[in-house]
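**Student:** Sequence and predicted model, in that order:
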Amino acid sequence: MIRRYGTLIGLVGIVVVFSVLRPDTFMTVGNWLNITQQVSILAVVAFASTVVMVTGAFDLSVGTMASLAGMVAAASMQAGLGIGVAIALALAVAAAGGAVNGLLVAYLRIVPFVATLGTLTMFGGLALMVSDGSTIFGRAIPQAFGAFGRGGLPLGTVDGRAVILPNLTIVALIVLVLVWVLLEQTGYGRRLYAVGGNAVAARLAGVRTRLVMLGAFVVSGLGAGIGGLMLTSRLASANPTQGDGLMLNAIAAVFLGVTMSDEGVPRVLGTLVGVLILGVLANGLTQLQIDTYVQQVLTGAIVVGAVAVGSVRRRAS
Amino acid sequence: MPRLLSRFVVAIALSLTFAVAQAGTVAVLTPYLASATTKIMVDGVEEALTNLGHDVNVIDTAGDVGALDSRIQDVVLQGVDAIVLSANPELVPAAIQTASDAGVPVFGLDAGSLVGLQADVTSNNYAMAAQTATYLVDALEGEGRVVMLVHPPYAPVQKRGAIARAIFDNTPDIEVVDEIFVEVPGPLENARNAVEAVLTANPEAGSIAGIWAAWDEPALGALQAIESLGRQDEGIAIVGLDAIDPAREAIAGGGNFKATVAQDFAGIAQTVANLVDDALSGEDVERRTVYVPASLVTQGDLR
């Protein structure tokens, strides 16, 4: 029990500590809905990254792809295109970028780290090119597009205040279900895990490993694109570097999730726990007024600590 | 005894008078604390507010605007009395709305936009860029090829670049050879590499007459590039902006670095702190942008 759920227990521990130290503001419905909205963008990117990491590869380009997708959508809307067209264009760019990663890794056999490091830089450059480096904001972003990121489903009232399930949280939940079904309930998911376990054996068993990898990178690109669109909606603005920070956190979340798996493979529900740990830490440490530099050190130490405990117990078992 | 009592009453009355300025909790948020100038202003506000008796919490999101949005929500839920924001509020409209709904006033520290804010205290970036660009044009006697070092994603710096470009374009014999995007973090190093490349591509003495940098760090990088290529005797003039200490030293040294502009960071910080203090004391704070004057610093000033 403790072996498998150590990381989950860690999350519960963090929640208990914050609840005790900030009883009036942390453990409230409002704050928890707030946390789900805050982690929603990272969650979508991390869920999609899980699909690539299941195959044993990485996608370092998800952060700059999120920036690029947001810029493409914002620039399209600035140019007068409809919201639907802008979203479609952004997602098309994201899928295409993912396909480029997939081709480089699966067909040209470039190590994922190197291939996606290269595309990371390319996507970042393209994001800057879209607006010549400027931030797109204000009237260029239609009201309805920004309203989505702020709005949500009314759930009722607590203490006279309206409680709203944020739209971004709903999007993250939908993506969670889709990725869970893809990984755990489909033949494609089983082939992904087979490639991650032993690519040669999978190929000998008749799995078209290259196509499987290509698909995984397209999913990862699309996830980054959706994350970028969510960020642009939430901020009602698009900055050419605003999604860049998502990549390291997404990978950290997946690794935190891996610690919950006996086989040491990424599972999307594990990634969810990883995302929540990062989100709850950021929210709670801010409420405790911990110095931001100390926050970074603490967050990094907790990630490393969790992964270390996970690897020690796997060796022990 | 009555005397003692009356003294006691007077003492209480006096202490109440001085206690009108309510001590409050103030969160200072920025994604740019790694920038030398933001750090100076944030430290200044923190010190000034602490001296006024307030509890100050500084939060940096290391360049991440999405995280800035989240942290603003956090401090509003935490129940702070006021927020000081050193970033463009139009980048985080939803969070600003959250603060406004909760009745928490937000004050801009060199924010560059008044949207959703109670007040913004800043230097006028258009005016400062005009000061350095015209200084450079005059120093070159209106003639020569100029390289610009810019960073448009940061709105205040984008404004500087736009106005400098307009001034160069409006001067018939000034040609802008290149507008180089300086990557952040690492502006000094990145600018040095970029300027080395430009100088290498333009080997003839005098082929680059001036370098206009949107802030001091790339200007210092340009200076290093000129020195490392041994081209300091061609008379290439560099101007920066912000007057950070290493820039002042370089200008005082009398080399290629000719001028910068000193923003009154202490004045900006103190003004923000005073406005926050006024608001927390229940005074009406006029909703406006407060421009704090900045002055050109040349080699003559530092000699």
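**Tutor:** Perfect, thanks for sending it.
**Student:** Which stretches in the stretch 151-300 of chain B count as helices?
**Tutor:** Taking DSSP state H, counting those that start in this stretch as the test, the helices found in the stretch 151-300 of chain B are B:155-169, B:187-201, B:216-228, B:245-252, B:265-280, B:299-302.
**Student:** Among the ones you listed, which comes closest to chain A?
**Tutor:** Closest to chain A of the helices of the stretch 151-300 of chain B, according to Cβ to the nearest Cβ: helix B:155-169, at 5.9 Å. In this view, the C-beta of every residue, glycine as well, is placed from N, C-alpha and C.
**Student:** pretty sure B:I40 contacts B:Q263?
**Tutor:** No: taking Cβ atoms under 8 Å as the definition, B:I40 is not a contact partner of B:Q263, at 9.0 Å.
**Student:** Settle it for me: which of these two has more neighbours?
**Tutor:** Remark: of B:I40 and B:Q263, B:Q263 carries more neighbours, 25 against 17, as counted by other Cβ atoms under 10 Å in any protein chain shown.
**Student:** secondary structure class for the closest residue to A:M247 other than its chain neighbours?
**Tutor:** Of all residues not flanking A:M247 in the chain, A:G63 sits nearest, at 3.3 Å (Cβ to Cβ, 6 or more residues apart in numbering or on different chains). Under DSSP: H, G, I helix; E, B strand; the rest coil, A:G63 falls in the helix class.
**Student:** Now for A:G63: which residues touch it?
**Tutor:** By Cβ atoms under 8 Å, 6 or more residues apart in numbering or on different chains, the contact set of A:G63 is A:45, A:120, A:224, A:243-248, A:250.
**Student:** mind checking which helix or strand the closest residue in space to A:A73 that isn't next to it in sequence is in?
**Tutor:** Closest residue to A:A73 apart from its sequence neighbours, by Cβ to Cβ, 6+ apart: A:A90 at 4.0 Å. For A:A90, the enclosing helix or strand under DSSP states H and E is helix A:83-102.
**Student:** does the helix or strand just after that helix come close to chain B?
**Tutor:** Per DSSP H and E, helix A:83-102 leads on to helix A:112-130 as the next helix or strand towards the C-terminus. Yes: counting by Cβ under 8 Å from any Cβ of the partner chain, contacts between helix A:112-130 and chain B involve A:L128.
**Student:** Check the offset of helix A:112-130 from the chain's centre.
**Tutor:** Mean C-alpha position of helix A:112-130 versus that of the full chain (Cα atoms, centre = their mean, to the nearest Å) differs by 18 Å.
**Student:** Would you mind listing what in the stretch 151-300 of chain B touches chain A?
**Tutor:** So the stretch 151-300 of chain B meets chain A at B:151-153, B:155, B:158, B:181 (Cβ under 8 Å from any Cβ).
**Student:** could you dump those to JSON lines with neighbour count and pLDDT?
**Tutor:** Putting these into JSON lines (neighbours: other Cβ atoms under 10 Å in any protein chain shown; pLDDT from 0 to 100) gives the following:
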{"residue": "B:H151", "neighbour count": "24", "pLDDT": "93"}
{"residue": "B:P152", "neighbour count": "21", "pLDDT": "88"}
{"residue": "B:P153", "neighbour count": "21", "pLDDT": "80"}
{"residue": "B:A155", "neighbour count": "19", "pLDDT": "79"}
{"residue": "B:Q158", "neighbour count": "20", "pLDDT": "92"}
{"residue": "B:F181", "neighbour count": "21", "pLDDT": "93"}
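**Student:** Now the two most distant members of those residues.
**Tutor:** Farthest-apart pair in those is B:A155 and B:F181; separation 15.0 Å (Cβ to Cβ).
**Student:** touching chain B at all, stretch A:158-174?
**Tutor:** No: between stretch A:158-174 and chain B, judged by Cβ under 8 Å from any Cβ, nothing touches; the nearest distance is 9.5 Å.
**Student:** ditto for stretch A:30-41
**Tutor:** Yes: using Cβ under 8 Å from any Cβ, we find that stretch A:30-41 touches chain B at A:30-31, A:34, A:38, A:41.
**Student:** now the contacts of A:G63: which count as buried?
**Tutor:** Among these, the ones that count as buried by 16 or more other Cβ atoms under 10 Å in any protein chain shown are A:45, A:120, A:224, A:243-247, A:250.
**Student:** least confident pick among these?
**Tutor:** pLDDT is lowest at A:G245 among the buried ones among the contacts of A:G63; the value there is 88.
**Student:** Name the nearest residue to A:R203, sequence neighbours excluded.
**Tutor:** Distance criterion Cβ to Cβ, 6+ apart; nearest residue to A:R203, sequence neighbours excluded, is A:T209 at 4.9 Å.
**Student:** Apologies, that question was intended for A:M213.
**Tutor:** With Cβ to Cβ, 6+ apart as the criterion, A:M213 has its nearest non-adjacent residue at 3.8 Å, and that residue is A:A106.
**Student:** you'd agree the one you found is up against A:R210?
**Tutor:** Yes: using Cβ under 8 Å, A:A106 is in contact with A:R210, at 4.1 Å.
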